[in-house]
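A.B. asks: Here is a sequence together with a model predicted from it:
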Amino acid sequence: MAEPLILDPADSVAILTERGVAPAGHKIARRAIAAGEAVVKFGQIIGYATADIAPGEHVHSHNLAFGDHDRASRPGAGLAAAEAVLARHRGPALHFQGYHRAGGQVGTRNYIALVATVNCSATVIRMAAQELQAEGALAPYPNVDGVVAFAHGTGCGMADSGPGFRALQRVLTGHAGHPNVGAALFVGLGCEVMQIARMKQELGAAARFHGLTIQDNGGTRATIEAIKARIRQLLPEVNTARRATAPVSALRIGLQCGGSDGFSGITANPALGVASDMLAAQGASVVLSETPEIHGAERLLIERAARPEIAEKLLERLRWWEGYTAMNGASLDNNPSPGNKAGGLTTILEKSLGAVAKAGGTPLNAVLDYAEPITAPGLSFMDTPGYDPVSATGQIAGGAQLIVFTTGRGSAFGSKPAPTIKLATNDALFRAMRDDMDLNCGDVLSGVPLEEKGREIVDLILRTASGEATRSEALGLGDNEFLPWQIGAVV
């Protein structure tokens, strides 16, 4: 049997790399741990023993639980070290082949977007997109990646101002004006709160944006035909787009993880963290999200905040989440999920420490509201739920042209208009779900250095940005993962 993996000399647990007293990815005690004693992994406290634990014993939910822990942080205390990480990764300029848009944006794909302003127009945009595909309307236009329908379940029965309204408005305008979108058509019912005129005002009068309503067009069937006719008019112009060389600094990358396991914080997440550092050193933007899943590990970000107000905004968002979950009878400590636990994760502290590893070690330059435009180079944090479709929707609305998604249990996630690259945390998953996984990071356990794996991830990102299809794109995923975060009362 392979020796268990020790991540830090201070750790009181080791990680099984193959099945033993527990499945691979789970923890065993390195020494005797007394009831009430802190359990340490990654050199950090991940919880407290609820019973005496003998050396070699399985450490998991039956004898380890979340508990009060020191969350004190010193904003900016790690900034100098973070800047040194950035300097260490600077190297020759990297490039990709992208679609250059007016205003300086660069896309990695070339879609036509149908954007519903309200749930009432969800059906017509879906049917129009399906019928255009069935009729072969896109066949003569090889430079158009598709017509994608962004349908959702809100847009009315909501306040016409406030956080919920602003978040949905940012999502809809962010997708319509996305660099991976060559032209967009807003479709509404006509009487909803989320009016097309307000959408177009946000975006300006650029020719890429169009709009119509069901009420003005004479009903459902007439609107479907009107949408199809408008798309047929747009296709020749959108098809004229051609790829050209662009600097990596034009990229904005959303960092995601889902179906995490005990290897996530050891292989794929830190490897993606190295890739994030390499991209940040080139001036690209990398965006960590999922606020509930940094709970307990936030100090690792706060201590490398570039300015005090950035640290304070992150702390404010965490306080908001604590109140929000309490108001709804839940707790941030309820995480991890059943699948996470089956994969070896026990507490939110353990999960969060692994999740933050995706962000690498460079300075934190911005904290963004949900779906807020991503403008700062280097590392940003976007406030989102931990639910992957909602989180990724916010990142894409902010301008992310690619999503990189690590998984240990397996995921069938995809996204449009920004494609998703999926990284497997272990060899077994990579073999089992080969059609879904773009890259295996499980070989880090076999000795592949994290730096080497990070360079491999960057190379894959550049190839994907230049047009190489991801596994999720080949499978046709991404039409059902558009899910805006609904904040506030339904009235």
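C.D. replies: Alright, I've got the coordinates.
A.B. asks: how about the helices in the stretch 151-300 of the chain?
C.D. replies: Per DSSP state H, counting those that start in this stretch, the stretch 151-300 of the chain carries helices over the ranges 163-176, 196-203, 214-217, 220-238, 268-281, 299-302.
A.B. asks: Mind listing what's buried along the second one?
C.D. replies: Meaning helix 196-203. Residues of helix 196-203 classed as buried: 196, 199-200, 203 (neighbour count, 16 or more other Cβ atoms under 10 Å). Every C-beta, even on glycine, is put in place using the N, C-alpha and C of the backbone.
A.B. asks: Residue 30: what's its closest spatial neighbour, skipping adjacent residues?
C.D. replies: residue 14 (5.3 Å; Cβ to Cβ, 6 or more residues apart in numbering).
A.B. asks: Now name the helix or strand holding that neighbour.
C.D. replies: strand 13-15 (DSSP states H and E).
A.B. asks: what's that strand in contact with?
C.D. replies: The set of residues external to strand 13-15 that reach it, using Cβ atoms under 8 Å, 6 or more residues apart in numbering, is 4-7, 25-30, 39-41, 59, 262-263, 266, 344.
A.B. asks: If we use 6 Å, what do you get?
C.D. replies: 4-6, 27-30, 41, 59 (Cβ atoms under 6 Å, 6 or more residues apart in numbering).
A.B. asks: all strands in the stretch 251-400 of the chain, in order from the N-terminus.
C.D. replies: 252-257, 285-288, 364-368, 378-382 (DSSP state E, counting those that start in this stretch).
A.B. asks: and of those, who's closest to residue 409?
C.D. replies: With Cβ to Cβ as the measure, strand 252-257 is the member of the strands of the stretch 251-400 of the chain nearest residue 409 (10.6 Å).
A.B. asks: List the neighbouring strands of that closest one plus their orientation.
C.D. replies: strand 285-288 (parallel), strand 402-407 (parallel) (DSSP bridges).
A.B. asks: For the strands of the stretch 251-400 of the chain, state which one has the densest average packing.
C.D. replies: Compared across the strands of the stretch 251-400 of the chain, strand 252-257 shows the largest average neighbour count, a mean of 28 (mean count of other Cβ atoms under 10 Å).
A.B. asks: mean confidence for that strand?
C.D. replies: The pLDDT scores in strand 252-257 average 98.
A.B. asks: what does stretch 324-332 give?
C.D. replies: 86.
A.B. asks: Quick one: the strands in the stretch 101-250 of the chain, in order.
C.D. replies: 106-107, 111-116, 146-150, 181-188, 209-213, 243-247.
A.B. asks: Mind putting these into CSV with mean neighbour count?
C.D. replies: Formatted as CSV, the strands of the stretch 101-250 of the chain follow (neighbours: other Cβ atoms under 10 Å):
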stretch, mean neighbour count
strand 106-107, 24
strand 111-116, 26
strand 146-150, 24
strand 181-188, 27
strand 209-213, 20
strand 243-247, 15
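A.B. asks: Let me know which of those strands is the nearest to residue 476.
C.D. replies: That would be strand 146-150 among the strands of the stretch 101-250 of the chain, by Cβ to Cβ, at 9.8 Å.
A.B. asks: What strands flank that closest one, and is each parallel or antiparallel?
C.D. replies: By DSSP bridges, strand 146-150 pairs with strand 111-116 (parallel).
A.B. asks: So what touches the partner strand?
C.D. replies: 122, 125, 129, 145-151, 172, 175-176, 180-181, 183-187, 238, 417.
A.B. asks: Need the worst-confidence member of the buried residues of helix 196-203.
C.D. replies: residue 203 (73).
A.B. asks: what's near enough to touch that residue?
C.D. replies: Counted by Cβ under 6 Å, 6+ apart, residue 203 has contacts 173, 177, 209.
A.B. asks: can you do 10 Å?
C.D. replies: Contact analysis of residue 203 by Cβ atoms under 10 Å, 6 or more residues apart in numbering lists 172-174, 176-177, 184, 186, 209.
A.B. asks: pLDDT wise, what is residue 490 at?
C.D. replies: 80.
A.B. asks: before we move on, the earlier item: now, among the buried residues of helix 196-203, which is nearest to residue 374?
C.D. replies: The closest of these, once distances to residue 374 are taken by Cβ to Cβ, is residue 203, at 16.7 Å.
A.B. asks: so how many other residues sit close to the residue nearest to residue 30?
C.D. replies: If you count neighbours by other Cβ atoms under 10 Å, residue 14 ends up with 18.
A.B. asks: Please report how far it lies from residue 263.
C.D. replies: 13 Å (Cβ to Cβ, to the nearest Å).
A.B. asks: any shared contact partners between the two?
C.D. replies: In contact with both residue 14 and residue 263: residue 5, using Cβ under 10 Å, 6+ apart.
A.B. asks: quick revisit: and of the strands paired with strand 252-257, who's closest to residue 81?
C.D. replies: Between the strands paired with strand 252-257, strand 285-288 lies closest to residue 81; by Cβ to Cβ that is 17.9 Å.
A.B. asks: any idea how far the closest one is from the chain center?
C.D. replies: 9 Å (Cα atoms, centre = their mean, to the nearest Å).
A.B. asks: Residue 262 and residue 445 touch, don't they?
C.D. replies: No. Taking contacts as Cβ atoms under 10 Å, residue 262 lies outside contact range of residue 445: 11.2 Å.
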